[in-house]
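Novice: give me coordinates for this.
(one chain, ligands or ions: 1)
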Amino acid sequence: MDLERLKSTAQAMVSPGKGILAMDESAPTCQKRFDALGIPSTQEMRREYRTMLVTTTDLGEYIGGAILFDETLRDQTLDGQSFVEILNRQEIIPGIKVDTGAKDLALRPGEKITEGLDGLDERLAEYRQLGALFAKWRAVYVIGSSFPSNACYVANAHSLARYAALCQANDIVPIVEPEILMDGSHSIEKSFIVTQQAQQLVFEALASQGVNLEGIVLKPSMVISGSDGSNRAGVDEVAIQTLRCLRSTVPPAVPGIAFLSGGQSDEEATAHLNAINNLESSLPWAVTFSYGRALQAAAMKMWGGDKSNFEAAQKVVYQRARMNGLASLGQYQPEMETA
Ligand code: 13P
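Specialist: Okay, here's the model as predicted:
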């Protein structure tokens, strides 16, 4: 394990004013997004759409890393250059989603366990050869009246830690992603308790597997009210509770925290990130974004499956990347959305 290399990669992924573009939707997830817009879900269309994303001029000003799906890491853009090459030219570090998805947790109806550890060592070695310098594994926790169960917390923490150790052994920076789903009508207090518990167990498991915290990036969900709740907490409360939780669980050795957007609206995700960065004058970690939907939704709609919309869609991608880049420095203002 080359710790210096891992550290410098992790730092570059979350360098000041930059975040991560999550464009690693699996083929079925991509189909869901395309279906909603009436776009045929073929490999050609996925290639076209992703070419639009990565060829956005100056995207590297605000994006330090891009998470790809297996298909894209091996693929070429519309004009025949490899996606990895284009990203490197934009000074965006290529990364790869390596989990094989959240499956039903045995004996725990309604709960999930993420799979993909079998053969992972070999897959990581190949991904490293193909140019990926970091990886992502997403664990999913559903909030319900009687869960997450202890079984769910322990199983997902263990898998995340085994994945992270395998990544580091292959000189790949692991993005460690415990996602508490927003689905439901739970309170922000409940979200706090579950998020804190999940993160605590993840850091215990990382320590017991010997993972070096200087060579990881944490990708958490924010502490936030359930999306169906009636009296949802406002931006300031989300920021306060999210930072309070992270302060209680994340050691300062971790170089960066890059949030997922998890179904928040584009502007909500940006405003929350900005508010978190404005709470204290200095934080122990870089606090930034690793958004999928909140960076892509508007641009995908603008593209709409038509290449003649590339330029207009790229303007939208650049705008969201810029707004979130500014939010990662606490310099975002809603008025900038229309400027
Ligand atoms: P969202 O920002 O759409 O939640 O996606 C981020 C991600 O990578 C989920 O694993």
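Novice: next, count neighbours for the closest residue to the ligand within the stretch 1-150 of the chain.
Specialist: Scanning the stretch 1-150 of the chain for proximity to the ligand using CB to the nearest ligand atom identifies residue 22 as nearest, at 3.4 Å. Placement of C-beta: from N, CA and C, glycine included. Applying other CB atoms under 10 Å, we find 28 residues neighbouring residue 22.
Novice: just checking, residue 45 touches residue 34?
Specialist: Yes - taking contacts as CB atoms under 8 Å, residue 45 lies within contact range of residue 34: 6.7 Å.
Novice: shared neighbours, those two?
Specialist: Common contacts of residue 45 and residue 34, defined by CB atoms under 8 Å, 6 or more residues apart in numbering, comprise residue 305.
Novice: OK, contacts around the residue of the stretch 1-150 of the chain closest to the ligand?
Specialist: Residue 22 sits next to 67, 136, 260, 290-292, 295 when contact means CB under 8 Å, 6+ apart.
Novice: what kind of secondary structure is the spatially most central residue of the chain in?
Specialist: When CA atoms, centre = their mean is applied to the chain, the residue found nearest the centroid is residue 290 (3.8 Å). Assigned with DSSP: H, G, I helix; E, B strand; the rest coil, residue 290 falls in the strand class.
Novice: wait, doesn't it sit right on residue 19?
Specialist: Yes - counting by CB under 8 Å, residue 290 touches residue 19, with 6.2 Å between them.
Novice: shared neighbours of the two, which are they?
Specialist: Shared contacts of residue 290 and residue 19 (CB under 8 Å, 6+ apart): residue 258.
Novice: sorry, back to before: among the contacts of residue 22, which ones lie close to the ligand?
Specialist: With the criterion set as CB under 6 Å from any ligand atom, the members of those near the ligand are 260, 291-292.
Novice: and these, which is closest to the ligand?
Specialist: residue 292 (2.7 Å).
Novice: so residue 45 and residue 34 - more neighbours on which side?
Specialist: residue 34 (19 against 16).
Novice: residue 203: how many residues sit nearby?
Specialist: Counted with other CB under 10 Å, residues neighbouring residue 203 total 19.
Novice: swap in residue 265?
Specialist: Per other CB under 10 Å, the neighbour tally for residue 265 reads 12.
Novice: what's the spacing between it and residue 118?
Specialist: From residue 265 across to residue 118, the span is 37 Å (CB to CB, to the nearest Å).
Novice: CA atoms only for the one helix or strand residue 21 maps to, dumped as CSV, please.
Specialist: Counting by DSSP states H and E, the element that carries residue 21 is strand 19-23. Taking Å, rounded to 0.1, in the frame of the first residue of the first chain, the C-alpha atoms of strand 19-23 are listed here in CSV:
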residue,chain,number,x,y,z
GLY,A,19,-16.4,18.2,-5.3
ILE,A,20,-17.2,14.9,-7.0
LEU,A,21,-19.5,14.2,-9.8
ALA,A,22,-21.3,10.9,-9.2
MET,A,23,-22.2,9.6,-12.7
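Novice: wait, residue 48 sits on residue 78?
Specialist: Yes - counting by CB under 8 Å, residue 78 is a contact partner of residue 48 at 6.1 Å.
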